[in-house]
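>>> what would the 3D arrangement of this be:
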Amino acid sequence: MQTAPSRALAPATSVDGHLRTVPGRPYPLGATWDGVGVNFALYSAHAEAVELVLFESADDPAPAASLWLRERTGPVWHGFVPGLRPGQLYGYRVHGPYDPERGHRFNPNKVLLDPYARAIGRPLRWDDSLFGYVIGEDDLSFSHADSAPFAPLGAVIESGFEWGADRPPKVPWEDTVIYETHVKGLTMTHPDVPEALRGTYLGVSSEPVVEHLKALGVTTVQLLPVHAKLQDRHLVERGLANYWGYNTLSFFAAEPEYAASGPVVAARDFKMMVRALHEAGLEVVIDVVYNHTCEGSEQGPTLSWRGVDNLAYYKTSPDDTRYYMDYTGTGNTLDAGNPHVLQQVMDSLRYWTTEMHVDGFRFDLASVLARELYDVNMLASFFQIIQQDPVLNQVKLIAEPWDVGPGGYQVGSFPWQWTEWNGRYRDVARQFWAGDPGHRGELATRFTGSSDLYERSGRRPFASINFVTAHDGFTLEDLVSYERKHNEANGEDNRDGHEPNHSTNSGIEGPTDDPDVLARRERLKRAIAGTLILSQGVPMLLGGDELSKTQGGNNNAYAQDNEVNYYDWDLDAREAEFLDFVRDALAFREAHPLFRRREFLTSEPDAEGVKGAFWWHPAGHEMTGDDWGDEDLHGFGLLLRGDRIDEVDARGRPRTDDTLLVVFNRGGGAVDVALPTAEAGDPAGWVAAAPFDEAVTAPPEGGRFAPGGVATVGPNALAVLRAVEA
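Numbering: from 1, shown residues only. Okay, here's the model as predicted:
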């Protein structure tokens, strides 16, 4: 064990010789300006002494002043510095034992970012001095190099903001349509966004982007991580970047790269974006990463939590506390079982809800937060605190319900207030439309809301966040254009990225001018997008899919801060037609409450002996158990009686709709479908419903199919037919 020698500093002085500390308060944690000065409070249970270091500018290699935080209340070190103002740059040096084999990694030679910093005042510049040990030696060695010239610094901010009449849109879950996107990718190449705003928060809320989102028909913008991130050293040295942002440097500071007005005011720009999106009726959900930090394994840098109190913040191995438990695949796991770490997570969530006005959160690798010790426990303190919190239990909570540890796949297991990314939906939708045999039955279950996962625990269909594509994986265009991943640009010899992809190249790998292949791809794209949009539950679209965005077959484009990830707004005729289809399909969903049910569909007859929903065989009868196992059956349908919804709207009025027949044909040839008669309420006929009518061959003269007539649905297609009353 090595204990770093304490440096006997005199009472700190500034350039003008008047800087001093008074006791201050232990809460709130972080740096808080009150108009007179700044209160600093830092949690560290095992520290022996804490220095506050102040920098006059981001260019200074050394602090202008250092102050001891002499007050300690419980595990919190604190002090108030009169006269400091917003914009002040600061960090900490934390003294204590350097004993990695016992979990302690204190090193006062390292300037540390406040875990509660509200803004990043100076970005990190990579240097060996940022590591607590000597590079070239193992992590038991001790580095005496001073990291002050290179360390990231926090900045004191003024939290005031004129929100005006801002109100959360509070879109009901059953009406929600999520658009997953990236601040930079969405705006970087948009020709109508002012150049100074491209790639920024203000670009997201600019008029042309908002107009696109509104015209598309989405309700909720889900942003990839906007917490301040670290650019990995190995990526920087290879000329790449951590584009996605799942590498958190601060749970409170907005990513400064996306600020149009400078890093210290990133929070203000973010608030301006939220206010503008709310004015347009759009919700804002942010992707949050509370499962790990950017400091990586024991061989990573000492930037913040590790140097503040390694043993308290991280989940270490019970067999050897020198090493971390890694349930995240990143080298470390935050210890949500520590109440002070849990407090940091909750403080962060409340900050982004109350101060930044976000409408919800998507939790990356959320199963980690249920590991108080080492097993996943859905009764963990984190979930109990969320449930009773009067602020957080009112926002949208979305779990990525898995991690990389044992027992981490928890789809269907989260508490009732939560919705989940339904990975089983993604997989079967891909498998079915890629032509893999044997998936009709599960597709039917997923399309109708995944009752097998959610109904028994009292959850609703909207507990299922349905998706086919997301930031991690192929885009929709690539899903029908590539059978293999092509990640060579990532510099890892194509070893990275998820497999299998359950994709198809539709006949030719990658780009082609073959009209038959292109036509097949467009039919599949419409079928996949239509399936997603019409499924019970909450559809999540990957931003850019509506523009037929391609990543050239890269299914792990996390390191590509370039045109691979930026949206291409210059659409050709084919791409423009698909955009129109997605807009029309979302409008169709909005117009038909049959696809926005709050209760699960049932094939049980009602009191009048009528079934409101059942699966339809193309031969003209209800599907049987044997039919689901018929591998020669490529087409089938779902009949939905709009007069049998048995639900009311928000004002208590009965919800009614047309009677609709959704037909799936995953086959290389057309399928003839005998249309229902009495089962559909004895309609006067049937018409193909736009925008899903292109999949149906031309009806007889007059545009109507006769009751009991036959409609032909083309190959690799999804069609919708509407019953016409007499």
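>>> all contacts plus neighbour counts: C-alpha atoms, from now on.
Noted.
>>> any buried residues in stretch 322-335, and which?
Across stretch 322-335, burial judged by 16 or more other CA atoms under 10 Å covers 322-328, 330-335.
>>> what lies in contact with stretch 250-269?
Residues outside stretch 250-269 that contact it (CA atoms under 8 Å, 6 or more residues apart in numbering) are 87, 115-122, 155, 157, 161, 183-184, 196-197, 199-202, 226-229, 270, 290, 345, 348, 351-352, 356.
>>> I'd like to know which of those are buried.
The buried subset of the contacts of stretch 250-269 (16+ other CA under 10 Å) comprises 87, 115-122, 155, 157, 183-184, 197, 199-202, 226-229, 270, 290, 345, 348, 351-352, 356.
>>> sitting in strands, which of the residues you listed do you find?
120, 121, 122, 155 (DSSP state E).
>>> excluding its backbone neighbours, what's nearest the second one?
Among residues not flanking residue 121 along the chain, residue 155 sits closest, at 4.7 Å (CA to CA, 6 or more residues apart in numbering).
>>> identify the bridge partners of the one you found.
Going by DSSP bridges, residue 155 is paired in beta bridges with residue 89.
>>> so who does it touch?
By CA under 8 Å, 6+ apart, the neighbours of residue 155 are 86, 87, 88, 89, 90, 117, 118, 119, 120, 121, 264.
>>> likewise residue 221?
Per CA under 8 Å, 6+ apart, neighbours of residue 221: 178, 179, 180, 181, 282, 283, 284, 285.
>>> which element follows the lowest-mean-pLDDT helix or strand in the chain toward the C-terminus?
Least confident helix or strand of the chain, by mean pLDDT, DSSP states H and E, is strand 2-3 with a mean of 54. Following strand 2-3 in sequence order, the next helix or strand is strand 30-33 (DSSP states H and E).
>>> helices or strands up against that following strand?
strand 37-43 (3 or more CA pairs under 8 Å, 6 or more residues apart in numbering; DSSP states H and E).
>>> quick one: low-confidence parts of the chain?
1-17, 726 (pLDDT under 70).
>>> tell me how far the residue nearest the centre of it lies from residue 358.
Closest to where the C-alpha atoms of the chain average out (CA atoms, centre = their mean) is residue 287, at 3.8 Å. Counting by CA to CA, to the nearest Å, the gap from residue 287 to residue 358 is 11 Å.
>>> can you check residue 109 too?
38 Å.
>>> and the buried residues of stretch 322-335, which of them are in helices?
Among the buried residues of stretch 322-335, DSSP state H puts none in helices.
>>> most widely separated two among those residues?
322 and 328 (17.7 Å; CA to CA).
>>> now intersect the contacts of residue 221 with the strands, please.
Short answer: the contacts of residue 221 in strands (DSSP E) are 178, 179, 180, 181, 283, 284, 285.
>>> which one among the residues you listed gets closest to residue 551?
Using CA to CA, the ones in strands among the contacts of residue 221 come closest to residue 551 at residue 181, 14.4 Å.
>>> hey, what's the closest one bridged with?
Beta-bridge pairing for residue 181 (DSSP bridges): residue 223.
>>> residue contacts, it?
221, 222, 223, 224, 471, 542, 543, 544.
>>> cool, residue 391 as well?
Residue 391 neighbours (CA under 8 Å, 6+ apart): 350, 353, 354.
>>> switch the cut-off to 10 Å
Residue 391 sits next to 349, 350, 353, 354 when contact means CA atoms under 10 Å, 6 or more residues apart in numbering.
>>> same thing with residue 145?
Residues in contact with residue 145 (CA under 10 Å, 6+ apart) are 107, 108, 109, 110, 128, 129, 130, 131, 132, 133, 134.
>>> what number of residues lie near the last one?
Same thing as residue 134. Neighbour count for residue 134, taken as other CA atoms under 10 Å: 17.
>>> not counting its neighbours along the chain, what's nearest it?
According to CA to CA, 6+ apart, the nearest residue to residue 134 is residue 143 (4.9 Å).
>>> three-state assignment of residue 341?
helix (DSSP: H, G, I helix; E, B strand; the rest coil).
>>> start at 51 instead
Done: numbering now begins at 51, and the last item shifts to residue 391.
>>> okay, now it: neighbour count?
Using other CA under 10 Å, residue 391 has 18 other residues around it.
>>> so how far is residue 341 from it?
In terms of CA to CA, residue 391 sits 11 Å off from residue 341.
>>> so what sits against both of the two?
364, 384, 385.
>>> okay if I get the residues you listed as TSV plus distance to residue 707?
Below are the shared contacts of residue 391 and residue 341 laid out as TSV (distance: CA to CA, whole Å):
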residue	distance to residue 707
364	53
384	49
385	50
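>>> quick check, nearest of those to residue 598?
Compare each of the shared contacts of residue 391 and residue 341 with residue 598 using CA to CA and the shortest gap goes to residue 384, at 37.8 Å.
>>> need the contact list for that closest one.
Contacts of residue 384 (CA under 10 Å, 6+ apart): 340-343, 355, 360, 362-366, 374-378, 391-392, 395, 418-419, 421.
>>> now it. Nearest residue, chain neighbours left out?
In this structure, residue 384 finds its nearest non-sequential neighbour in residue 364, 4.6 Å apart by CA to CA, 6+ apart.
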